[in-house]
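Undergrad: coordinates only, sequence not included:
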């Protein structure tokens, strides 16, 4: 199980200036450790993308904005109530201008949950706030590092961790999985048109029609020649994805 919090305006690179301080007695109680790994962008040692602390429990801290752009653009619909294309357009088409968003993600496996006496869904709902409070207040803290201070527990707590420690669930914990687009295809249509306009601009393809009807015919031809008949098109892969989507959305 993962419990997460997304923090806007906090760059994951700032983690490099922090010290990860664990509470030895509490870690021993839940059979834990604080193994730490850092993952950087390929070829960019200064560009930290992910920090993994511990093993079970485990805390991941990573660049959610960058991951969402690469793998999960639908996430922007949940966060901004806008498609990624709309968010990008509002920042002059420059993804670097979109505020940094860092995810703090606790992973607790089944046997760790049992150590907290969480054995069922009902137990989980009752214990969710307590689990978060334990992880943020009694298992690990991020502190502002200072080489001159030898006793690390005396380091000041990082401001972002003070925020993490105080997070509260709003009490509305009834779980219901809803895909951002559900069975309403209107957002899909907006994204298709947004992606198509971006494709035309990046490929420097001009539209020369003098009216809407001419533009539509011209765009249809471009779609066929530049996309459907291009080497980028994989019919089998598309049909496989289509079948998966049909299953996902109940055969629509």
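TA: Yes, it's here. All figures in this text were calculated on a predicted structure; none of them were measured in a lab. Numbers count the residues shown, from 1 in each chain.
Undergrad: can you pull out the strands in this structure?
TA: 2-8, 18-22, 36-41, 44-54, 58-63, 101-107, 140-144 (DSSP state E).
Undergrad: pLDDT-wise, which helix or strand of the protein ranks last?
TA: Lowest mean confidence among the helices and strands of the chain (mean pLDDT, DSSP states H and E): helix 24-29, at a mean of 47.
Undergrad: Setting aside sequence neighbours, what's the nearest residue to residue 149?
TA: Nearest non-adjacent residue to residue 149, counting by C-beta to C-beta, 6 or more residues apart in numbering: residue 155, 5.7 Å away. All C-beta spots, glycine's among them, are computed from the backbone N, C-alpha and C.
Undergrad: That neighbour: what's it in contact with?
TA: 19, 21, 143, 144, 145, 146, 149 (C-beta atoms under 8 Å, 6 or more residues apart in numbering).
Undergrad: so which of the residues you listed would you say is closest to residue 161?
TA: residue 143 (7.6 Å; C-beta to C-beta).
Undergrad: What is the burial count for the closest one?
TA: For residue 143, the count of nearby residues is 18 (other C-beta atoms under 10 Å).
Undergrad: Over to residue 169?
TA: Neighbours of residue 169 using other C-beta under 10 Å come to 11.
Undergrad: Could you find the closest non-adjacent residue to it?
TA: That would be residue 129: by C-beta to C-beta, 6+ apart, it lies 5.2 Å from residue 169.
Undergrad: where's stretch 132-146 relative to the chain centroid, distance-wise?
TA: 22 Å (C-alpha atoms, centre = their mean, to the nearest Å).
Undergrad: Buried residues, it. List them.
TA: 132, 134, 135, 136, 139, 140, 141, 142, 143, 145 (16 or more other C-beta atoms under 10 Å).
Undergrad: what's the closest non-adjacent residue to residue 4?
TA: residue 105 (4.4 Å).
Undergrad: Likewise for residue 127?
TA: Nearest to residue 127 is residue 118, by C-beta to C-beta, 6+ apart, at 5.2 Å.
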